[in-house]
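Visitor: just to be clear, the model below is a prediction. Sequence and coordinates:
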Amino acid sequence: MLIHPLVTDTETLTALCNRLSQADFVTVDTEFMRESTYYPDLCLVQVASSTEAAAIDPKAPGIDLAPLLKLMVEDEVLKVFHAGGQDLEIIYNLTGKTPAPLFDTQVAAMALGLGEQVGYTNLVAAYSGVQIDKGARFTDWARRPLNDRQLDYAIGDVTHLADLFPKMVDKLRRTGRGGWLDDEMARCCDPATYANDPEKAWTRLRLPSRKADVLGRLKALARWRELEAQDKDVPRGRIVKDETLGDLAGSPPRSQADLAKVRGLSAAWASNAIGDRLIRCLQDAQPLSADEMPLREPQRPGLSTEGALISDLLKLLLKIRSKESGVAPRLIVRGDDLDALAAGVRDGLPVLDGWRREIFGEDALALVEGRLGFVVKEGRLTMTRLPAAIEESVD
């Protein structure tokens with residue numbers, strides 16, 4: 001594979017992206033820093049096809065990333081990532097779109113029996129027999145210049161990916177499991193996954209109360225913090241910690257001077273500009289509207305004590321079927337769907353459709369309906385169909 005020198009100018013980048021847009025696929029990885037910023041600080045982008053690879057320096061003076069972003073979100077070439085959530089977030093922040101079409105090798109690994117969150121190093125070792133040198137993984141990617149070892153490490157992330165991706169696709173085709181990934185890949189591509197909407201920031205917080213006025217203040221505070229963090233480009237926790245937001249919503253100070261008494265806030269907030277903005281946010285907050293109030297009861301039936309035991313049995317069955325089929329449990333069914341099944345829900349559960357029903361859902365129904373049981377044979381836990389007489393006694 002041809003490895004290009006570090007790309008630092010728009011002309012070279014444009015020519016590279018034009019060639020990659022004609023490739024069968026492009027593997028992508030990014031290096032970034034985000035310890036002290038709200039938005040990830042993009043420091044390096046690595047791309048490869050089956051024939052060439054390059055690292056692109058977004059911090060190079062005068063470089064325009066437009067050709068690269070077009071390749072990511074407009075060109076029809078398949079983009080391949082490994083555990084690409086944070087890479088996709090960066091692209092979304094720059095374009096408002098997510099890469100498509102898309103393939104994530106960590107998601108694919110779930111269908112191929114390699115676990116729910118297999119690391120890149122282990123995946124490369126499993127498919128290529130290569131042990132990756134991880135010595136440069138703690139690089140400060142924002143510092144310049146980058147040395148050869150750092151660039152070789154970064155480029156390796158996409159060249160190894162270009163080698164293992166066709167092998168994974170071939171195995172997915174041979175096992176007939178390619179279509180099993182559609183739901184997960186669609187979730188990866190959904191822009192809503194990466195949007196940080198200040199109006200919805202409060203929904204990520206632990207609710208301090210069910211009172212409309214308290215929740216209204218929490219919503220206003222969370223929105224205010226999100227905007228402050230975005231404006232200053234600092235992590236939201238650097239503005240105010242989550243627990244302090246809850247305290248402020250539940251017991252709002254009456255004046256700015258009272259902010260000096262709030263645990264988790266600097267005493268300087270009693271007289272500075274950010275403290276003034278905070279107190280005005282609290283004063284302007286409105287009670288949460290009725291249609292925004294969180295539901296008191298879950299939309300699906302809650303679990304009784306017996307239902308919780310049934311859910312535990314379903315988890316045991318899932319573990320057995322996951323091991324037998326070589327598919328990660330999370331790809332087969334999510335925990336809340338297991339609880340819903342145990343509580344009697346039958347409609348609208350993905351686990352009762354298609355391939356999920358075939359490898360787990362049908363047996364799960366048989367278990368909760370008393371037609372299937374656990375037995376131990378020669379020291380191994382297995383499943384067995386229950387005789388009709390036992391089924392009737394269970395009923």
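Guide: Now that the structure is in, tell me what you want to look at. Residues are numbered from 1 along each chain as shown.
Visitor: which residue ranges make up the domains of the protein?
Guide: Following automatic domain parsing, one gets these domains for the chain: 2-193, 198-292, 305-394.
Visitor: tell me the mean pLDDT over the second one?
Guide: Along domain 198-292, the predicted local confidence has a mean pLDDT of 95.
Visitor: try the longest one
Guide: Within the predicted structure, the mean pLDDT of domain 2-193 is 93.
Visitor: can you give me the end-to-end distance of that domain?
Guide: 35 Å (Cα to Cα, to the nearest Å).
Visitor: same question, stretch 252-262
Guide: Termini of stretch 252-262 sit 9 Å apart (Cα to Cα).
Visitor: how far does that stretch sit from the chain's center?
Guide: 37 Å (Cα atoms, centre = their mean, to the nearest Å).
Visitor: in a markdown table: the domains of the chain, plus mean neighbour count.
Guide: C-betas here are computed from N, CA, C, even on glycine. Below are the domains of the chain laid out as a markdown table (neighbours: other Cβ atoms under 10 Å):
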| stretch | mean neighbour count |
| --- | --- |
| domain 2-193 | 17 |
| domain 198-292 | 16 |
| domain 305-394 | 16 |
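Visitor: residue 54 falls within a helix, correct?
Guide: No. Counting by DSSP: H, G, I helix; E, B strand; the rest coil, residue 54 is not part of a helix but strand.
Visitor: look up how far residue 20 lies from it.
Guide: 9 Å (Cβ to Cβ, to the nearest Å).
Visitor: overlap in contacts, the two.
Guide: Residues touching both residue 54 and residue 20 (Cβ atoms under 8 Å, 6 or more residues apart in numbering) are residue 47.
Visitor: what's the spacing between residue 275 and residue 269?
Guide: Distance, residue 275 to residue 269, using Cβ to Cβ: 3 Å.
Visitor: packing partners of the helix or strand hosting residue 72?
Guide: Here residue 72, judged by DSSP states H and E, is contained in helix 66-73. Using 3 or more Cβ pairs under 8 Å, 6 or more residues apart in numbering; DSSP states H and E as the contact definition, the elements that helix 66-73 packs against are helix 10-20, strand 41-48, helix 85-95.
Visitor: direction included, what does the second one pair up with?
Guide: Spelled out, it's strand 41-48. strand 25-33 (antiparallel), strand 52-56 (antiparallel) (DSSP bridges).
Visitor: CA atoms only for the last one - export them in CSV, please.
Guide: The C-alpha atoms that make up strand 52-56 are tabulated as CSV, following Å, rounded to 0.1, in the frame of the first residue of the first chain:
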residue,chain,number,x,y,z
GLU,A,52,-3.2,4.1,-0.6
ALA,A,53,-3.3,5.8,2.8
ALA,A,54,-2.6,9.3,4.2
ALA,A,55,-2.8,11.4,7.3
ILE,A,56,-4.3,14.9,7.0
